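Participant: Take this sequence and fold it.
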Amino acid sequence: MQEQRPSAVSVGFGLMLAGLVIAVPAASAQGSKPRPPAKNTPRPAAVAAPAAVVAPPQISAIGLRVVGPGFGTNGTELRPFNESPGTVVVMAIQAPKGSGIVEIDDHQSKLEVFSDDKGQSLLEEGRVGPFPKIAEDGTAALVEAEVRARPSSAATALNVQGTVAISMAGGSKPSRASGVKLDANQTFKIGTTTLTVGEAKVDEDGTKITLNLPRSLLTTIREIRMFDTKNAPIEVRRTGSGYFNEKAELELSAKTKDKIAAIEFEVWQNLRVVKAPFNVTASLGIAAGGRAAGSSDGASPAETPKADPPAKKPEGPPPAIGAGEGAESVEAVVKQLQTAALAGKGGQVLSVIYPTERTAFAQGVTMAMAFMPLGAMSDEKAGAALQKELDAFFDKHQLKPPFAREPDDLFKGIDVNGYVSDALLFMKSHVKKGENPAESLPVPQGKPSDVKMDGDKATASLNGKEINFSKISGRWFIRLQ
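Facilitator: Purely as a prediction, here's the structure:
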């Protein structure tokens, strides 16, 4: 039986190009808030409403394991970490606020790149590993990218790219079964699904309950509540769960010895599969810091030295620019960026972006488009239709995943000006009636303020964010890095 174990991970996220926030259109929603019902009052049926999706899931590398050959009989008697030779990078996934990770399909996930910083490909027998771990509340998950090969002797870092197939939910609603008899072989329904009490054993602390249910329900449970016959809440917690094929078990510990209770599941709604791209780097500094909290011989948090920020790569001489590129002032750069984006004129947008960062902007637009279906989680048909349109769009421009790889490689041989023009028009065409099209486009809104000049460099504030600008041959360009 495959075990599901919660794993709490907290990582922040924002798809941002130096302050240019790329927002995914969101479905309006109202989250459900757990609370006990009024005494002797049946709980009214709740209508599921998807929570607003404002960003795609974040994927980051948080663990690294490299295992060499074993020793003893057949090289398997003594093995480091008791694992087979190979390399594993553990990645954390955090769901956008208001959404939940329901399931991860390793078969539909794909590992595209696994290489070290010496240029050696390690993709031999590479895969997104089975048995991903999902936090009990659906906010986060762990997946492993694993290969049989090992890094070069002088390697210091690994780059891993691909996509992970995530079933995500856009909200939840409660479903209650009243008058459940806590005896073996008793059945009850949550919605239209039948569950069976496999075991209900009373001990000193309460009742240990085992429920038999379909895997499809187990994987969509966000929270479990219990109430006594007077609607008073009963303390209950999940102690274990697992499944084999489509049959599943759920183990609960309830602080009650009553034989009749109400059981309520908060069930994820508006499920949708998202193929989220990832491009992560893993090295020995992957979790830099002092000892783990609670270590008796480690330094206190106040004494733990902070890791030095990575050295900034020298920029080199300014790139050459063409006739008509750039603008005469910081304010003119922002105005052209906004006007051209709204008109779908990609060439004019890119002409005021620093020359070496134009493919990075195109990549940011691509990532925003790839996650547009998240905004349609409440409408499965609309989401599927949008995904079909996006697939056709990327095929038309011969843009191949993974989209998270190096921007210059992603757009090699592609007309970036034409691509950005079509992409901006595509995004604009999917703005809902009554909404401001400018707010759906990946360019900053408003007018620059607090402009500060320092030779060929400048900064300005846009919507409270500091944006950098550079001047080449007397013309100004916005910076993304």
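
Participant: For the protein, give me the ranges with low pLDDT.
Facilitator: The model of the chain has pLDDT under 70 over residues 1-55, 287-316, 375-378, 481.

Participant: switch the cut-off to 50
Facilitator: For the chain, the stretches with pLDDT under 50 are 1-54, 290, 292-310.

Participant: Outline the domain layout of it.
Facilitator: 2-170+272-283, 172-269, 330-478 (automatic domain parsing).

Participant: okay, those in CSV with distance to Pro319 and mean neighbour count next?
Facilitator: In this view, the C-beta of every residue, glycine as well, is placed from N, C-alpha and C. As requested, the domains of the chain are exported to CSV (distance: least, Cβ to Cβ, whole Å; neighbours: other Cβ atoms under 10 Å):
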stretch, distance to Pro319, mean neighbour count
domain 2-170+272-283, 17, 17
domain 172-269, 49, 17
domain 330-478, 4, 17
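
Participant: Tabulate those domains (JSON lines), appending distance to Ala320.
Facilitator: Formatted as JSON lines, the domains of the chain follow (distance: least, Cβ to Cβ, whole Å):
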{"stretch": "domain 2-170+272-283", "distance to Ala320": "22"}
{"stretch": "domain 172-269", "distance to Ala320": "53"}
{"stretch": "domain 330-478", "distance to Ala320": "8"}
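
Participant: Among the ones you listed, which comes closest to Ile321?
Facilitator: Within the domains of the chain, the stretch nearest Ile321 is domain 330-478; the backing value is 5.3 Å (Cβ to Cβ).

Participant: and for the longest helix along the chain, what are the contacting residues?
Facilitator: If you go by DSSP state H, the chain has its longest helix at helix 380-396. Outside helix 380-396, the residues that touch it by Cβ atoms under 8 Å, 6 or more residues apart in numbering are 270, 272, 366, 369-370, 372-373, 376-377, 400-401, 422-423, 426, 430.

Participant: Kindly export it (C-alpha atoms) in CSV.
Facilitator: Presented in CSV, the C-alpha positions along helix 380-396 are these (Å, rounded to 0.1, in the frame of the first residue of the first chain):
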residue,chain,number,x,y,z
GLU,A,380,-13.2,22.7,-16.6
LYS,A,381,-14.4,23.0,-20.2
ALA,A,382,-13.1,26.6,-20.5
GLY,A,383,-9.8,25.6,-19.0
ALA,A,384,-9.4,22.6,-21.4
ALA,A,385,-10.3,24.9,-24.4
LEU,A,386,-7.8,27.5,-23.3
GLN,A,387,-5.1,24.8,-22.9
LYS,A,388,-5.8,23.6,-26.4
GLU,A,389,-5.4,27.2,-27.7
LEU,A,390,-2.1,27.6,-25.9
ASP,A,391,-0.8,24.3,-27.2
ALA,A,392,-1.6,25.5,-30.8
PHE,A,393,-0.1,28.9,-30.1
PHE,A,394,3.2,27.4,-28.9
ASP,A,395,3.3,24.9,-31.8
LYS,A,396,2.7,27.7,-34.3
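
Participant: Please name the residues that touch Leu252.
Facilitator: Neighbours of Leu252 in contact, by Cβ under 8 Å, 6+ apart: 208-211, 224, 226, 236-239.

Participant: Wasn't it part of a strand?
Facilitator: Yes: assigned with DSSP: H, G, I helix; E, B strand; the rest coil, Leu252 falls within a strand.

Participant: Quick check: end-to-end length of stretch 444-451?
Facilitator: 15 Å (Cα to Cα, to the nearest Å).

Participant: Would you mind pulling the contact partners of stretch 339-351?
Facilitator: With Cβ under 8 Å, 6+ apart as the test, stretch 339-351 has contacts from 324-326, 336-337, 352, 358, 361-362, 416-425, 428, 437-438, 441-443.

Participant: who's Leu78 bridged to?
Facilitator: In this entry, Leu78 is beta-bridged to Phe71, by DSSP bridges.

Participant: So which of the domains of the chain is nearest Pro317?
Facilitator: domain 330-478 (9.8 Å).

Participant: ends of that closest one, how far apart?
Facilitator: Using Cα to Cα, one end of domain 330-478 lies 8 Å from the other.
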